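Trainee: A structural model of the following input is requested.
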Amino acid sequence: MKKTVTVIMILLLVFSIGLTGCGGDTGAVDEPEMDMDAVTMVQIDSDQGVSLLLPSDLELQENLSYVNLETGENVAIVGAPIEGKSITEYTEEDVLAIYQTNYEDVAIEDYQDNLDLNGNLGLVTVLSLTTTGGHPIFLTLVVVTDGTNDYLVNYIYGADYLDGSLATNIDESITSITIQ
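Mentor: Model (predicted):
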């Protein structure tokens, strides 16, 4: 069981490394002018074994995450074999502990477990936190399992950018997650 928790914690910390620079300048923020009517939801079939809908203004990067370089909104996807602990055994405290060691002002805004995400068991946690760079963000962690592998989808957007394409379409993206 400890080995699985360690694997999941390592994956979450890998996601967390990208948080350091998120959120833009800590001073006054000039929001990028974007034509939100031009943003559509597009089907993504990731190399990590997950399909989902993402806003069309997020572009695939070399590190296999999807990022809007103007707004800092990003989505990362990882698949990992299950080695012990089931996602049904995770608690809010487990998720909170992972992020509290590295970030300030970490709070769980929403926690839903034992969800049915397109026929697979899922967990959705929404956290607010301040990155090491001093930027307030929202991080939504979705874990979906097929009983053999856990798939983690990590959504990040600035707390000062709630009208961005990711923040406004996150529910549609989460409910579209399927395991390939």
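Trainee: With just CA atoms, put whichever strand or helix holds T168 into PDB.
Mentor: Using DSSP states H and E, T168 sits in helix 165-176. What follows is helix 165-176, C-alpha atoms only, in PDB (Å, rounded to 0.1, in the frame of the first residue of the first chain):
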ATOM      1  CA  SER A 165     -11.300  28.900 -21.500                       C
ATOM      2  CA  LEU A 166     -10.200  26.100 -19.100                       C
ATOM      3  CA  ALA A 167     -11.900  27.500 -16.000                       C
ATOM      4  CA  THR A 168     -15.200  28.000 -17.800                       C
ATOM      5  CA  ASN A 169     -15.100  24.600 -19.500                       C
ATOM      6  CA  ILE A 170     -13.600  22.400 -16.800                       C
ATOM      7  CA  ASP A 171     -16.800  20.600 -15.900                       C
ATOM      8  CA  GLU A 172     -17.400  19.600 -19.600                       C
ATOM      9  CA  SER A 173     -13.800  18.400 -19.800                       C
ATOM     10  CA  ILE A 174     -14.000  16.300 -16.600                       C
ATOM     11  CA  THR A 175     -17.200  14.600 -17.600                       C
ATOM     12  CA  SER A 176     -15.700  13.800 -21.000                       C
END
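Trainee: What mean pLDDT does that helix get?
Mentor: Mean per-residue pLDDT for helix 165-176: 97.
Trainee: next SSE after it?
Mentor: strand 178-179.
Trainee: what does that next one contact?
Mentor: G49, V50, S51, L52, L117, N118, G119, N120, V144, D146, N149, Y151 (C-beta atoms under 8 Å, 6 or more residues apart in numbering). Where C-beta positions appear, they are placed from N, C-alpha and C, glycine not excepted.
Trainee: Now do the third one against P81, distance only.
Mentor: Applying C-beta to C-beta, to the nearest Å, one obtains 19 Å for the distance of S51 from P81.
Trainee: what's the answer for the first one, then?
Mentor: The spacing between G49 and P81, counted by C-beta to C-beta, is 11 Å.
Trainee: what is in contact with these two at once?
Mentor: Contacts common to G49 and P81, judged by C-beta under 8 Å, 6+ apart, are N149.
Trainee: Of the two, which one has the most company?
Mentor: Ranked by neighbour count (other C-beta atoms under 10 Å), G49 and P81 place G49 first, with 16 against 9.
Trainee: Tell me how many other residues surround D47.
Mentor: For D47, using other C-beta under 10 Å, the count is 10.
Trainee: Leaving out chain neighbours, which residue sits closest to it?
Mentor: L64 (6.3 Å; C-beta to C-beta, 6 or more residues apart in numbering).
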